[in-house]
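# Could you work out the structure for the sequence below:
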Amino acid sequence: MKKIIERRRYPRVEKKLPIELLTDKYEISTETKNLSCIGAYCTVDKDIPLLTKLSITLILPKKSEDKCIKVKCKGVVVRKEIINSNKFNIAIFFNDIKETEKNKILRYIDTLSLKE
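Numbers count the residues shown, from 1 in each chain. Predicted structure coming up:
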């Protein structure tokens, strides 16, 4: 069997997390399918064109369930897959994310790998 080499610079996790996307036309609440500190993949119910700029708020759970960590950044739609006439999978690249926000995601991903 041929071994697949992972080319990603940052770890990516399969995780459903609340994410809010804001464009100049839409405000969308959805959840991630997977996440890294430089991007996310999710399903939306709007046809958002490629290269659309987004304002993003990602909600990360904290150890105590009543609290959460918000990550705010800017992103751009870099890939779109049509599921049906009103559902689309989109890949978002976080093109404007502060190092502190990126580190929040990295720490969250690290906590997941510690549980495994």
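
# name the element the residue most central in space within the chain belongs to?
Most central in the chain under CA atoms, centre = their mean is residue 40, positioned 2.5 Å from the mean C-alpha point. Under the criterion DSSP states H and E, the helix or strand holding residue 40 is strand 39-44.

# next one: that strand to chain centre, how far?
Its chain's C-alpha centre and that of strand 39-44 lie 5 Å apart, by CA atoms, centre = their mean, to the nearest Å.

# now do stretch 53-72
On CA atoms, centre = their mean, the centre of stretch 53-72 falls 11 Å from that of its chain.

# Same question for it: list its buried residues.
54, 56, 58, 60, 71 (16 or more other CB atoms under 10 Å). Placement of C-beta: from N, CA and C, glycine included.

# Repeat that for stretch 27-43.
Residues 28, 30, 32, 35, 36, 37, 38, 39, 40, 41, 42 are the ones in stretch 27-43 that count as buried (16+ other CB under 10 Å).

# Only C-alpha atoms, please: export it in PDB.
Extracted in PDB, the C-alpha atoms of stretch 27-43 (Å, rounded to 0.1, in the frame of the first residue of the first chain):
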ATOM      1  CA  GLU A  27     -24.800  36.800   7.500                       C
ATOM      2  CA  ILE A  28     -24.500  33.000   7.800                       C
ATOM      3  CA  SER A  29     -24.400  30.800  10.900                       C
ATOM      4  CA  THR A  30     -23.200  27.300  10.200                       C
ATOM      5  CA  GLU A  31     -20.600  24.800  11.600                       C
ATOM      6  CA  THR A  32     -17.200  23.700  10.500                       C
ATOM      7  CA  LYS A  33     -16.600  20.200   9.100                       C
ATOM      8  CA  ASN A  34     -12.900  20.600   9.600                       C
ATOM      9  CA  LEU A  35     -10.500  23.300  10.900                       C
ATOM     10  CA  SER A  36      -6.900  24.400  11.000                       C
ATOM     11  CA  CYS A  37      -5.400  27.600  12.300                       C
ATOM     12  CA  ILE A  38      -5.300  28.900   8.700                       C
ATOM     13  CA  GLY A  39      -8.600  27.700   7.300                       C
ATOM     14  CA  ALA A  40     -11.900  26.000   7.700                       C
ATOM     15  CA  TYR A  41     -14.300  23.800   5.600                       C
ATOM     16  CA  CYS A  42     -18.100  24.100   6.000                       C
ATOM     17  CA  THR A  43     -21.500  23.900   4.400                       C
END
